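**Student:** any chance you can model this:
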Amino acid sequence: MLIQQAQEVERKVIAILRILSQSNEPLGARVISHHLQNHGIELTERAVRYHLKLMDERGFTENMGRDGRLITRLGLEELESALVSDKVGFVASKTELLAYQTELDIEKRQGKVPVNISFFPEKQFDKAIETMKRVFQAGICVSEFVAVAHQGENLGEITVPQGKIGLATICSVIINGTLLKAGIPVEYRFSGILQIKNRKPLRFVELILYSGSSLDPAELYIASKMTSVGQAARKGEGRILANFREIPAMCQPATEKVVARLRDINLDGLLMMGEVSKSLCGVPVELNKVGIILIGGLNPVAAVVESGIEVENRAMSTVMDYQKMTRFWDL
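**Tutor:** Numbers count the residues shown, from 1 in each chain. You can find the predicted model right below:
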């Protein structure tokens, strides 16, 4: 019993550390309590303050007075190493949460959409924009709508750090979220590297199972420089970020209608839809299911990393108001 209680306390500590790690500014107990609810953890402000006091004593957090707490380097190290078993499947649960938070009204063209956040060095942002142009032109993206913020400004709930410019790109979870709101269940299968030939999908050459991953696969692929998105945009042959999902066969007509409505407002994350119970780009599909391939929202940013510019990515990190975003070409 005592062991179970200790594990439960540790899980709450890790959840609080994870929330603090996503903010560049101090957070108070009230804000942390609100964020914990989004992760399915109910803790009152008083309980959060109790945990924060313990975390101060362990050196995981720093008390900034009335402004709240900041995570320390020791806290970041603890977050990276603690409770590995809890982290397995974290990406899948994060994707599901982001899909649930998606509240897009297609008719009114407003509401919350899921985004990736990328931070670029200020002095290299113009060069990064030039690099991304060809990728957006080739349509290797979920949407041409983006948002830009400078240091100290926010993109959703994420604050841009000093010396950086932040870019929000719509991620493929927009498809999942919209299908969810339409009553269509989606099974999260893989994140992968998709080989493109003659500007068409050929096969997956790398796959990471969502339910077995503790780290975001797209961030890993980009950091490991496993993509050739720039080449795919220029020559029609290369390796891009893509995601594999499955839907019930009986939901295929309804899915096609939802996707068509999204395309009407420049949200086009669906790259390919397969046939019932048939493999798609080398990936087997379960009986009475249909495989769908979604374009990775971070493909334009992957091309920037390929060019030699260092970029910090936070895939599937938050939601933003769709009406506050602008076309890439208007930057």
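**Student:** quick one: mean pLDDT for stretch 157-173?
**Tutor:** With pLDDT averaged residue by residue, stretch 157-173 scores 93.
**Student:** ditto for stretch 94-102
**Tutor:** Throughout stretch 94-102, pLDDT has a mean value of 86.
**Student:** can you list contacts of it?
**Tutor:** Counting by Cβ atoms under 8 Å, 6 or more residues apart in numbering, stretch 94-102 makes contact with 38-39, 111-114, 171, 173-174, 176-178, 180-181, 186, 188, 210, 216, 316, 319, all of which sit outside it. C-betas here are computed from N, CA, C, even on glycine.
**Student:** can you rerun that using 7 Å?
**Tutor:** The contact list for stretch 94-102 (Cβ atoms under 7 Å, 6 or more residues apart in numbering) reads 38, 112-114, 173-174, 176-178, 180, 188, 210, 316, 319.
**Student:** now do stretch 275-294
**Tutor:** For stretch 275-294, contacts defined as Cβ under 7 Å, 6+ apart pick out 172, 175, 190, 194, 201-204, 242-249, 252, 269-274.
**Student:** go with 8 Å
**Tutor:** Applying Cβ under 8 Å, 6+ apart, the external contacts of stretch 275-294 come out as 142, 172, 175, 187, 189-190, 194, 201-204, 207, 242-252, 255, 269-274.
**Student:** can you flag the buried ones in these?
**Tutor:** Of the members of these, the ones counted as buried by neighbours, 16 or more other Cβ atoms under 10 Å, are 142, 172, 175, 189-190, 194, 201, 204, 207, 242-249, 251-252, 255, 269-274.
**Student:** now, these that are in helices?
**Tutor:** Within the buried ones among the contacts of stretch 275-294, membership in helices is found for Ile175, Gln252, Thr255, as judged by DSSP state H.
**Student:** list phi and psi for the residue nearest to the second one when sequence neighbours are not counted.
**Tutor:** Yep, that's Gln252 we're talking about. Closest residue in space to Gln252, ignoring its immediate chain neighbours: Val290 at 5.1 Å, by Cβ to Cβ, 6 or more residues apart in numbering. Main-chain torsions, Val290, degrees, to the nearest 10: phi -120, psi 130.
**Student:** what about Val290, neighbour count?
**Tutor:** Residue crowding around Val290 was assessed by other Cβ atoms under 10 Å; the count is 22.
**Student:** can you list contacts of the lengthiest helix in the chain?
**Tutor:** Taking residue count as the measure and DSSP H as the definition, the longest helix of the chain comes out as helix 2-21. Contacting residues not belonging to helix 2-21 are listed as 27, 32, 35-36, 39, 41, 43, 48, 51-52, 54-55, 60-61, 69-71, 75-76, 78-79, 82-83, 86 [Cβ under 8 Å, 6+ apart].
**Student:** any quick PyMOL command for the buried ones out of these?
**Tutor:** Restricted to the buried members of the contacts of helix 2-21, where burial is judged by 16+ other Cβ under 10 Å, the PyMOL selection command reads as follows:
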select buried, resi 27+32+35+36+41+43+48+51+52+55+60+61+69+70+71+75+78+79+83
